[in-house]
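J.: Got a predicted model here, sequence first, then my questions.
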Amino acid sequence: MKTGFLVAVAGAVALLAAPAAAQVPLKPGATSLLLWRGDEQAAGFRTVETIYRTQVISRGHRTSPLPAAGRRIGASVSVEGTPIDLQDYMQRRRVSGLLAIKDGRVVLEAYGLGRTASDRWTSFSVAKSVTSSLVGAAIQDGKIRSIDDLVVDYVPELKGSAYDGVSIRQMLMMSSGVRWNEDYGDLRSDVVKMGMAASRPGPNPIVDYLGKLPRDHAPGARFHYNTGETDLVAGLLKKATGKPLAEYLSEKIWRPVGMEQDGVWMVDGSGLERGGCCISMTLRDYGRFGLFMLQDGVVGDRRILPPGWVKAATTPQIRNGAPDGGYGYFWWMVPGGYAAEGIFGQAIYVYPADRMVVVFNSAWPEADEDELWREQAAVAEGIRAAAGRR
C-alpha cells in the first residue's frame with residue numbers, strides 16, 4: 001500500500017462516485033476518474049481540466065532547456081538480470097510517458113497511449129510531494145515559522161479537536177495520531193465520507209470533517225496513511241501564504257524552474273487545491289520538478305527551499321508503521337534515492353548520487369497493485385544502471 005487513494009480490493013473502486021474523491025465535475029454526471037479504464041483513462045488523464053474544476057498554475061516566459069545527451073539509453077535494459085524491451089514494457093503496462101534525465105540531459109524519452117510531448121498527464125498522489133515542497137517554500141519565505149509549529153496556530157478552527165497538539169512535522173510524516181480509515185472499499189470509511197463532504201460547496205468542508213475525528217495514537221508515534229491530512233496541509237498553506245496554492249506554486253516553482261507549460265490543479269468544492277491529488281503537467285515538467293529536488297531547491301542563485309529541507313524531506317523520518325525504508329515528508333524512500341508516487345503508475349524517482357531523475361506516467365488497469373510497483377521500480381533501476389551509476 002504505497003500511494004494516495006489506496007484501494008483495499010480490486011472491486012472497491014467500483015463503489016466510488018465522483019464526490020467520493022472530492023472531484024467537482026464541470027458537467028453533472030461526470031464519472032469519477034477512479035472508475036475510468038482503457039481508452040477513457042488515456043484520454044481523461046490528459047484532459048482532467050475539461051472534466052473537473054481546476055486552477056491554472058501559470059508558467060513564466062522562460063523555459064529551461066532539457067538538451068539531449070550524447071549517449072542515449074538503448075531499446076532494452078537489464079532488469080534483475082533479464083533484458084527488458086522498454087517499448088514492450090510501455091505497451092504491456094500502459095505507460096504514456098517514460099523519461100530519464102542524467103546530469104541535466106535527457107537520456108531517454110518515449111510516449112505511448114496516443115500522448116505527445118505537449119500533453120499534460122494528471123499526477124494523482126505525486127501532488128503530495130509537491131505540496132511538501134510548498135511547505136518548505138513557505139518556511140523559506142517566513143510564512144511558516146517552523147514545521148514544529150502546531151497546526152492550530154494556522155488553522156485555529158481545529159482548537160479543541162484531536163488535531164490540537166499536532167505539529168506540521170507530524171502531519172508531513174503522516175503521524176498525527178488521529179483516527180482515520182483509508183479503505184475505499186468501505187462506504188463508511190473516512191476517506192469516502194470526507195470526500196463526499198469536500199466535493200460540496202462550502203467555506204471549509206475538510207476542516208469541518210477532520211475536526212470531528214477522535215484520537216487513536218499519540219502524535220508522532222506511528223505512521224498511518226491519511227489522504228485527508230494532505231488536503232488539510234493545503235488549507236494550512238493557503239492561510240499561511242494568503243494565496244491560492246496554484247498561484248503560490250507558480251510563483252515558487254513553476255516560473256523559476258522554467259516549466260514549459262501551464263499546469264492545472266484539481267480543487268474541491270470550496271475551491272481549495274487538493275494537497276494530495278491531481279496536478280497535471282507535461283512529462284518533461286515532471287522531470288523538471290525532479291531536477292529541482294536534485295538541485296536542493298535552488299534555481300540559479302535563488303534559494304526556493306530552506307537549506308537542508310530536501311535532505312530532511314527525503315530522509316526516513318518515521319519507521320513505525322511505515323513501509324520498508326520509512327517515510328519522509330510526503331516522500332517515499334527507494335534504494336539509492338526517493339520517489340513521489342501516485343496511483344495508476346505515476347512516479348518520479350530521484351537518485352541524488354547518480355544525478356538522475358526517472359519519470360513514469362501510466363494508466364494501469366488497477367489503481368494500486370504491488371506487482372506493478374515492484375516491476376516499475378525494477379525498470380527504473382535498470383534505466384539507472386544503463387545510464388551509468390556513480
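T.: Structure's in. What do you need?
J.: contacts, neighbours, all on C-alpha from now
T.: Fine.
J.: wait, isn't residue 365 in contact with residue 344?
T.: Yes - applying CA atoms under 8 Å, one finds residue 365 in contact with residue 344, separated by 7.2 Å.
J.: Need the phi and psi values for the spatially most central residue of the chain.
T.: Residue closest to the mean C-alpha point of the chain, counted by CA atoms, centre = their mean, is residue 126 at 1.5 Å. The phi/psi pair for residue 126 (degrees, to the nearest 10) reads phi -60, psi -30.
J.: Could I get the pLDDT score of residue 205?
T.: Looking at residue 205, its pLDDT is 84.
J.: Would you mind measuring from the closest residue to it other than its chain neighbours to residue 108?
T.: Leaving out its chain neighbours, the residue that sits closest to residue 205 by CA to CA, 6 or more residues apart in numbering is residue 198, at 5.2 Å. From residue 198 across to residue 108, the span is 40 Å (CA to CA, to the nearest Å).
J.: who has more neighbours, those two?
T.: Each of residue 198 and residue 108 had its neighbours counted (other CA atoms under 10 Å), and the higher figure belongs to residue 198 (32 against 21).
J.: The more buried one contacts residue 210, doesn't it?
T.: No - under the criterion of CA under 8 Å, residue 198 is not in contact with residue 210, lying 10.7 Å apart.
J.: For the worst-scoring helix or strand of the chain on mean pLDDT, name the packing helices and strands.
T.: Every helix and strand in the chain was compared by mean pLDDT, DSSP states H and E; the lowest is helix 190-198, with a mean of 79. Secondary structure elements in contact with helix 190-198, counted by 3 or more CA pairs under 8 Å, 6 or more residues apart in numbering; DSSP states H and E, are helix 205-210, helix 227-241.
J.: all helices for the stretch 151-300 of the chain, in order.
T.: With DSSP state H, counting those that start in this stretch, the ranges of helices along the stretch 151-300 of the chain come out as 168-172, 190-198, 205-210, 227-241, 245-249, 255-257, 283-294.
J.: For residue 325, which of those helices is the nearest?
T.: Smallest distance to residue 325 across these (CA to CA): 16.2 Å, for helix 168-172.
J.: Please work out which residues outside that closest one touch it.
T.: Contact partners of helix 168-172, identified using CA atoms under 8 Å, 6 or more residues apart in numbering, comprise 132, 147-151, 176, 219-220, 229-230, 233, 328-330.
J.: switch the cut-off to 10 Å
T.: Outside helix 168-172, the residues within contact range by CA atoms under 10 Å, 6 or more residues apart in numbering are 128-129, 131-132, 135, 144, 146-154, 163, 174-177, 219-223, 226, 229-230, 232-233, 236, 313, 317-318, 327-331.
J.: Which among these count as buried?
T.: Judged by neighbour count, with 16 or more other CA atoms under 10 Å as the criterion, the buried members of the contacts of helix 168-172 are 128-129, 131-132, 135, 144, 146-147, 150-154, 163, 174-177, 219-220, 222-223, 226, 229-230, 232-233, 236, 313, 317-318, 327-331.
J.: Reformat the helices of the stretch 151-300 of the chain as CSV; add distance to residue 83.
T.: As requested, those are arranged in CSV below (distance: least, CA to CA, whole Å):
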stretch, distance to residue 83
helix 168-172, 39
helix 190-198, 41
helix 205-210, 48
helix 227-241, 37
helix 245-249, 40
helix 255-257, 36
helix 283-294, 25
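J.: pretty sure residue 80 is touching residue 380, no?
T.: No - applying CA atoms under 10 Å as the test, residue 80 and residue 380 come out as separate, 11.1 Å apart.
J.: Mean confidence (pLDDT) on stretch 155-164, please.
T.: Mean predicted lDDT for stretch 155-164 stands at 97.
J.: which outside residues touch it?
T.: Applying CA under 10 Å, 6+ apart, the contact partners of stretch 155-164 are 150-153, 165, 171, 176-179, 204, 207-208, 210-216, 218-219, 232-233, 235-237, 239-240.
J.: 7 Å - rerun?
T.: The contact list for stretch 155-164 (CA atoms under 7 Å, 6 or more residues apart in numbering) reads 152, 178, 211-215, 236.
J.: ok, now stretch 41-54?
T.: Residues outside stretch 41-54 that contact it (CA under 7 Å, 6+ apart): 23-26, 113, 119-122, 264-267, 363.
J.: from the middle of its chain, how far away would it be?
T.: In terms of CA atoms, centre = their mean, to the nearest Å, the gap separating the centre of stretch 41-54 from the centre of its chain is 17 Å.
J.: Give me the buried stretch members for it, please.
T.: Under 16+ other CA under 10 Å, the buried positions of stretch 41-54 are 41-49, 51-54.
J.: Out of those residues, the closest to residue 86 would be?
T.: Out of the buried residues of stretch 41-54, the one with the shortest distance to residue 86 is residue 42. That distance is 19.0 Å, counting by CA to CA.
J.: Contacts only, for residue 139.
T.: Counting by CA under 7 Å, 6+ apart, residue 139 has contacts 145-146.
J.: Kindly recompute the last result at 6 Å.
T.: For residue 139, the residues meeting the contact criterion (CA atoms under 6 Å, 6 or more residues apart in numbering) are residue 145.
J.: And the strands in the chain?
T.: In the chain, strands defined by DSSP state E lie at 54-57, 76-79, 82-85, 95-102, 105-111, 120-122, 263-266, 279-282, 298-299, 302-303, 332-334, 337-342, 346-351, 356-362, listed in chain order.
J.: got those as CSV, with distance to residue 30 and mean pLDDT columns?
T.: Output for these, formatted as CSV (distance: least, CA to CA, whole Å; pLDDT from 0 to 100):
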stretch, distance to residue 30, mean pLDDT
strand 54-57, 15, 98
strand 76-79, 40, 93
strand 82-85, 37, 95
strand 95-102, 23, 99
strand 105-111, 27, 98
strand 120-122, 17, 99
strand 263-266, 15, 97
strand 279-282, 18, 99
strand 298-299, 40, 98
strand 302-303, 42, 98
strand 332-334, 32, 96
strand 337-342, 22, 97
strand 346-351, 23, 99
strand 356-362, 22, 99
